[in-house]
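**Student:** Turn this into a model:
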Amino acid sequence: MSIARIKSPYERLSIGQKVEVVIKSIDRKTGKVILSHKETLGSWEENASMFTPGMKTKGIVRETEKNKNGIFIELRPNLVGMAEYEEGLQYGQEVDVYIKKIDNQRKKVKLLIV
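**Tutor:** Numbering: from 1, shown residues only. Predicted coordinates for the structure are as follows:
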């Protein structure tokens, strides 16, 4: 559903909501259809091109690294950056971030919580 780790599909979707999906495969024996929503959200490059270093934007805290090296911040459903660890932030909390660096080769975004 996204590149960011989410706790529940309910964070992204609701019953009755219309969404665009890609059919990944169909098992003709069982009739099972495998769908993907994540592939409709754009590539890393497409999402990263919406941001530039020096820009301020909002993001959502998605996960703190267990060893407190950093905090993953979702900028878009298919784009996550990492900020330095900051005490007291909660999963799902909206934060203001400053984009320090976008590394297209390594597909990484470095952020600063402001």
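
**Student:** what residue ranges in this structure score low on pLDDT?
**Tutor:** For the chain, applying pLDDT under 70 flags the ranges 1-2, 66-67.

**Student:** hey, where'd the strands end up in it?
**Tutor:** With DSSP state E, the ranges of strands along the chain come out as 22-27, 32-36, 56-64, 71-76, 79-83, 94-103, 108-113.

**Student:** what would the ones you listed look like in CSV with distance to residue 7 and mean neighbour count?
**Tutor:** The C-beta positions use only the backbone N, C-alpha and C, and glycine is treated the same way. Listed next are the strands of the chain as CSV, based on distance: least, Cβ to Cβ, whole Å; neighbours: other Cβ atoms under 10 Å:
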stretch, distance to residue 7, mean neighbour count
strand 22-27, 23, 10
strand 32-36, 20, 11
strand 56-64, 9, 17
strand 71-76, 12, 22
strand 79-83, 15, 23
strand 94-103, 16, 15
strand 108-113, 21, 19
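
**Student:** Now render the ones you listed as a markdown table, adding distance to residue 15.
**Tutor:** Below are the strands of the chain laid out as a markdown table (distance: least, Cβ to Cβ, whole Å):
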| stretch | distance to residue 15 |
| --- | --- |
| strand 22-27 | 21 |
| strand 32-36 | 16 |
| strand 56-64 | 22 |
| strand 71-76 | 23 |
| strand 79-83 | 26 |
| strand 94-103 | 24 |
| strand 108-113 | 33 |
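
**Student:** Mind checking the ones you listed for the one nearest to residue 16?
**Tutor:** Of all the strands of the chain, strand 32-36 sits nearest to residue 16, with 16.6 Å by Cβ to Cβ.

**Student:** And stretch 107-114, how far out from the chain middle?
**Tutor:** Centroid displacement of stretch 107-114 relative to its chain, using Cα atoms, centre = their mean, to the nearest Å, is 13 Å.

**Student:** I should have written stretch 98-107 there, sorry.
**Tutor:** The answer for stretch 98-107 is 14 Å, by Cα atoms, centre = their mean.

**Student:** One more: stretch 34-48?
**Tutor:** 10 Å.
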